[in-house]
Each structure stands twice: as C-alpha cells, then as structure tokens.
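K.L.:
Provided below for reference: sequence and predicted model.
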Amino acid sequence: MSVTVERAASVEEAAAAIARGAALLAGGTILMRRVNAGDPRLERLVRLEDPALRRIGSGSEGVSLGALVTMAEVAAAPETAFLAPVARAVGGPALRTMATVGGNLFARRTYGDLAVALLALGARIILARDGAREIGEFLRGRERAGLVLALEVPRPREARAFGFLKVARVRPAGTAVMTLAAHLPREGGRIRGARVTFGGMGPGPLRSPGAERALEGQALDAGTIGRAAAACVEGLEPLDDALASAWYRREVAPVHLRRLLEGML
Amino acid sequence: MALKPVALTLNGSERAAFTEDGENLLDFLRRRLGDLSPKFGCGQGACGACTVLLDGAPVLACLILAETAAGRRIETAAGLAGAALHPLQRAFVEGFAAQCGYCTPGMLMAAVALLRANPRPTREEVVAAIGGNLCRCTGYEPIIAAVLDAAGHMERRA
C-alpha cells in the first residue's frame, strides 16, 4: 500500500495538510474505495477528529451541520427532520453511519443526493480558508475549496415548500438515475424564490433554469406544474452512463419533476 | 512503512495488533485478528458483506481505516452464538435464509442492529435495514421472513 495517513491535531493542521496535497479522510465512503483499489494518485490522507465538526446547531432560520455530521445523525436528529428523507435516501444503514454531510459535497456523479437537496435550499458552505460560500458557487469550484467546516442550511418555512425525490432502479439503496429537489416558498399563494435542482442531469448537482422560470411568481397548480416539467431539461446535459442513457434521462426528467411538484401542492 | 498498534474490543475480548497505513478494518479483523466472519465482497461499500457493528452501529468494515477503530467496540457474526445459536442465526437456518452463505454474516449484523433498536420491526423496516446488503441467491424473501421470525421469538422469550 502506497498511501500514508497522518492525524491532524487541529483544523489548522488539517487545512495545511490539504494545501500540501493530502486528502481529508472523513467518513471514508468515497476515499477508502480508492485506497482499497490501490489508486496511485492517492498518496496522503489526513484524519481530523474535531468534536466541533460533529455538532448540529439549530437557529430560527435553519440548522448548522458540522462537516463530520453523519447521514445517520441527520436522519435521527429532531433539528434536521426536514432533511431526514434526504439522508435516508443515501445508501443503507451501515453506509449512513459513516457517510458525512461534508463528504457528500465532494461525491462524484451519480452520488451526492444530499448536495442536490442543499442546492435547492440555498445552503451556505463554511470553509476553513475563506469564509462562507453559496453552495452553487462552492460546487463549481469544489476541487480547490480546501477544508469544509460546516454547512448552514435554511429551514423551509413550511413542510410543503420543500420536496425531494431520488429515482433509482434498485430499492431501497440503489444508485440514483437522477435526483430532484425543489424549494418553493410561497407568499400570498405565489411562489417567490423558486429553486429546482437535479443530480444526474449534468456533471454535478445543477439548478434547472427552465423549471424555475416557469414556477416563479405563479400559483402552484396543474398548469404551472406542466409548464415547469416541459421546460425543466432546458440548458441541462443529462449524463450518459451505465445506469441510463442521456436520451432516457431527458425523456423521464419531466415525468419525475411533475410527480415531485404534485406532492408539494 | 511504520506499523501502528491498534487495541480494540472484539466481541467482548480485548484484542491488539499492528496495522499499516491504509489497511481497512475488514483486513485487520481477518488477517491480524483471525476473525474470518466478516466477508470481502466489493471493497467499495456496495455489497454489505463486511458489515460489522462499531460501538453498536452497523458500518462497512472495508471502508473504515483500521486505525480509526482503536479503543472502540467491534461486534461480528463470530460473536453472536453463545452455548446456543443466536435467535437470528437459528431463524436463518430454519428458514433456509442462507444458500451460499457469503452475505449471511453481513445480513446477520445488519439485522442485529435493527432488532436492538427496534424489536418489533415491520416488513418495510426489515427491508430498509438490509437495504445495503446484497444477496445473489435467495431473492431476499427468506431473509426478510427469518428476521421477522427471529424478532417474534426474541420478543416471546423476553
């Protein structure tokens, strides 16, 4: 085995190790498969066991998740009840004991179901190096982001404002063909600040500008849902892989978005 | 490469051995401690054959760095039976829930974790609990039935 493992005593030490090219080992569900395969590009791992990064904080506007909080903890904690269906969609129970919310931000297609939900909710990612970043911006530059400390996730004002759907061929723990999330806050019956996101419809989690445009300022009804579904693939480039062809994903994305939105009426 | 000492509790016994950088907990248990009950299936976290309990929670031993298990409590299928088989093992035997048997230790540990947290699971809860464990023989039905059967036996005995 060619990999070396160091243990960082502090966030600063871990951030410095990452800056020197080490990969941060959190839950291990992404990196250990590369270690097991003997990936020669993976030379140095750094471990960090800071209890501050395992904390779940709750405020009036939302929750703060330390980067090392696990999917099992998100699924169980009362503060994160609105994210529990998302956390439970990730892997099986054993994987959820290990997989962290910070690690999920770095998951390669077609993993990363939580990141799709967080992009819809407009989460902010707190970095060791340079403060907070909106998640969309973070995801575009994640390879160079360095150490993630925490995720700040706004809480939907009402349960029906947030919806999530994972589409997999194998249940209950299959890999996603695509993942969808929508955050549709309503004021006076009109949608204000619509965010609709997809996983599996591009190189990483992406917003759907077509669906958002069709929903913004409208009442959520059958007509609006139909227009959002019809426009949702605009500007996206569905993946073409062993799970499904790009053609298939393009054909079924509107169907799944319609089902998701009908559940949010 | 420097060897690192790792001491942990395996099925109630204090055990210690050296590990090397990058060694996963599954290899550590099998090669260094001689517990061959957790199985290597995929090395990627996709199959669940290596499922063990770490401080009571199910984990995939192939995706855990052995050194991170230092000082912690590991339970494997090898520790389930006392003088008699564990009720889950007996239900698996009686219900023909193991054919080739390769997934069985992982299935058992996933089921142990379920029944400790939830002694009266529904069928759906059993399906969710073994959702990360692949079986290529049984079609899952005998396994689901065996877990439900064991839950019933354990409750009657308690």
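P.N.:
Yep, that arrived. Residues are numbered from 1 along each chain as shown, chains lettered A, B, ... in the order given.
K.L.:
quick one: residues contacting residue A:163.
P.N.:
Contacts for residue A:163 (Cβ atoms under 8 Å, 6 or more residues apart in numbering or on different chains) come out as A:180-182, A:184, A:260-261, A:263-264. The way it works is simple: take the backbone N, C-alpha and C, and place the C-beta from them, glycine included.
K.L.:
cutoff 6 Å now
P.N.:
A:182, A:260, A:263-264 (Cβ atoms under 6 Å, 6 or more residues apart in numbering or on different chains).
K.L.:
just these: which are in helices?
P.N.:
When these are checked against helices (DSSP state H), the matches are residue A:260.
K.L.:
okay, the contacts of residue A:163 in JSON lines with pLDDT, distance to residue B:111 and neighbour count next?
P.N.:
Shown next, in JSON lines, are those (pLDDT from 0 to 100; distance: Cβ to Cβ, whole Å; neighbours: other Cβ atoms under 10 Å in any protein chain shown):
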{"residue": "A:182", "pLDDT": "98", "distance to residue B:111": "36", "neighbour count": "28"}
{"residue": "A:260", "pLDDT": "98", "distance to residue B:111": "33", "neighbour count": "20"}
{"residue": "A:263", "pLDDT": "97", "distance to residue B:111": "32", "neighbour count": "12"}
{"residue": "A:264", "pLDDT": "97", "distance to residue B:111": "36", "neighbour count": "16"}
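K.L.:
so which of the contacts of residue A:163 is the closest to chain B?
P.N.:
The shortest approach to chain B among the contacts of residue A:163 belongs to residue A:263, at 19.1 Å (Cβ to the nearest Cβ).
K.L.:
any idea how far the closest one lies from residue A:196?
P.N.:
Residue A:263 is 14 Å from residue A:196, where distance means Cβ to Cβ, to the nearest Å.
K.L.:
and chain B, which of the contacts of residue A:163 reach it?
P.N.:
Filtering these for proximity to chain B by Cβ under 6 Å from any Cβ of the partner chain leaves nothing.
K.L.:
figure out the helix or strand that residue A:164 lives in.
P.N.:
In the assignment (DSSP states H and E), residue A:164 maps to strand A:162-168.
K.L.:
put the alpha carbons of that strand into CSV.
P.N.:
Output of strand A:162-168 as CSV, limited to C-alpha atoms (Å, rounded to 0.1, in the frame of the first residue of the first chain):
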residue,chain,number,x,y,z
PHE,A,162,-39.5,21.6,0.1
GLY,A,163,-39.6,18.4,-1.9
PHE,A,164,-37.0,15.7,-2.7
LEU,A,165,-37.1,12.6,-4.9
LYS,A,166,-34.4,10.1,-5.7
VAL,A,167,-35.0,7.9,-8.7
ALA,A,168,-33.2,4.6,-8.6
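K.L.:
what does chain B put close to chain A?
P.N.:
So far as Cβ under 6 Å from any Cβ goes, chain B lies against chain A at B:21-22, B:43-45, B:51, B:57-60, B:63-64, B:128-129, B:131-132.
K.L.:
need the buried ones from the residues you listed selected in PyMOL.
P.N.:
Only the buried entries of the residues of chain B next to chain A go into this PyMOL selection, using 16 or more other Cβ atoms under 10 Å in any protein chain shown:
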select buried, chain B and resi 21+22+43+45+51+57+58+59+60+63+64+128+129+131+132
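K.L.:
which among the residues of chain B next to chain A gets closest to residue A:239?
P.N.:
Closest approach to residue A:239 among these (Cβ to Cβ): residue B:44, at 19.3 Å.
K.L.:
tally of neighbours for residue 75?
P.N.:
Went with chain A since none was named. As a burial measure, residue A:75 scores 19 neighbours (other Cβ atoms under 10 Å in any protein chain shown).
K.L.:
oops, I was thinking of chain B
P.N.:
20.
K.L.:
how close does the residue nearest to it when sequence neighbours are not counted sit to residue B:47?
P.N.:
Nearest non-adjacent residue to residue B:75, counting by Cβ to Cβ, 6 or more residues apart in numbering or on different chains: residue B:53, 4.0 Å away. Taking Cβ to Cβ as the measure, residue B:53 falls 17 Å from residue B:47.
K.L.:
at the geometric centre of chain A, which residue do we find?
P.N.:
Central residue of chain A (Cα atoms, centre = their mean): residue A:115, 0.8 Å from the mean position.
K.L.:
output the helix or strand encompassing that one as CSV - backbone C-alpha positions only.
P.N.:
Residue A:115 is part of helix A:113-121 when elements are defined by DSSP H and E. Extracted in CSV, the C-alpha atoms of helix A:113-121 (Å, rounded to 0.1, in the frame of the first residue of the first chain):
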residue,chain,number,x,y,z
ASP,A,113,-28.0,13.1,-3.3
LEU,A,114,-27.7,15.4,-0.2
ALA,A,115,-25.9,18.1,-2.2
VAL,A,116,-28.9,18.2,-4.7
ALA,A,117,-31.2,19.0,-1.8
LEU,A,118,-28.8,21.5,-0.3
LEU,A,119,-28.5,23.3,-3.6
ALA,A,120,-32.3,23.7,-3.7
LEU,A,121,-32.4,25.0,-0.2
